[in-house]
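**Student:** I would like the atomic coordinates for the input below:
(2 chains)
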Number of protein chains: 2
Amino acid sequence: MTQFDNVSVVKAANIYFDGKVSSRTVLFADGTKKTLGIMLPGDYEFGTAEKEIMEILAGEMDVCLPGESWKTITGGQAFEVPANAKFQLKVKTPVDYCCSYIA
Amino acid sequence: MTQFDNVSVVKAANIYFDGKVSSRTVLFADGTKKTLGIMLPGDYEFGTAEKEIMEILAGEMDVCLPGESWKTITGGQAFEVPANAKFQLKVKTPVDYCCSYIA
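**Tutor:** Numbers count the residues shown, from 1 in each chain, chains lettered A, B, ... in the order given. Next comes the predicted model:
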């Protein structure tokens, strides 16, 4: 889908790494949550609490998931990150993403 | 308000200046539109089509509106830009903003 309907959007951004990574939180009627974010080129490590599905809408990056080797991900692809895990990213071009949190 | 309820959010980001400025479009039931965006430090010129109200949620920048001198704007402040105008910004720290388009 190209837009999310009947949702709430938190006004304030989530800002990380001096703004090189930022996102907006979208709340759904069923109680689930997604973030829509932008990552600028750079190397990052993130940690998860819940399981996450990262859908890349545009851009290119390399990702290293727990116990896996580096792989390249581009717009149109997605990957899953387990709960309570760390993962590394090398963002090559500005990445537009949608992250779904799976309780 | 801290969040917008019963809205639609366009999934894909609006990306400008190599991603140093990006925003998400929020559509309201009454047909109006806002964008929620982030601007990283840098010098920018923007042009308006409709009149805009720029509300700064966080961060600091200097703005030069048509026919005015530079002034500093910080989180909690807002300014209006006329339709079909150009304005300049010098963003000092990452700026989180909400832009309302007034038809």
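**Student:** residue A:14 touches residue A:23, doesn't it?
**Tutor:** Yes: with contact defined as CB atoms under 8 Å, residue A:14 and residue A:23 form a contacting pair (4.7 Å). In this view, the C-beta of every residue, glycine as well, is placed from N, C-alpha and C.
**Student:** who touches both of these two?
**Tutor:** Common contact partners of residue A:14 and residue A:23 (CB atoms under 8 Å, 6 or more residues apart in numbering or on different chains): A:35, A:37.
**Student:** higher neighbour count, those two?
**Tutor:** When residue A:14 and residue A:23 are compared on other CB atoms under 10 Å in any protein chain shown, the one with more neighbours turns out to be residue A:23, at 21 against 14.
**Student:** now the more buried one, nearest residue through space, not along the chain?
**Tutor:** Spatial nearest neighbour of residue A:23, excluding adjacent residues (CB to CB, 6 or more residues apart in numbering or on different chains): residue A:37 at 3.1 Å.
**Student:** what's the first helix or strand after the helix or strand in which the one you found is found?
**Tutor:** Using DSSP states H and E, residue A:37 maps to strand A:33-39. Counting by DSSP H and E, the element after strand A:33-39 in chain order, helix or strand, is strand A:42-47.
**Student:** can you list the residues of chain A near chain B?
**Tutor:** Counting by CB under 8 Å from any CB of the partner chain, chain A comes close to chain B at A:1-13, A:15, A:18-20, A:22, A:24, A:26-27, A:36, A:38, A:40, A:57-58, A:94, A:96, A:98.
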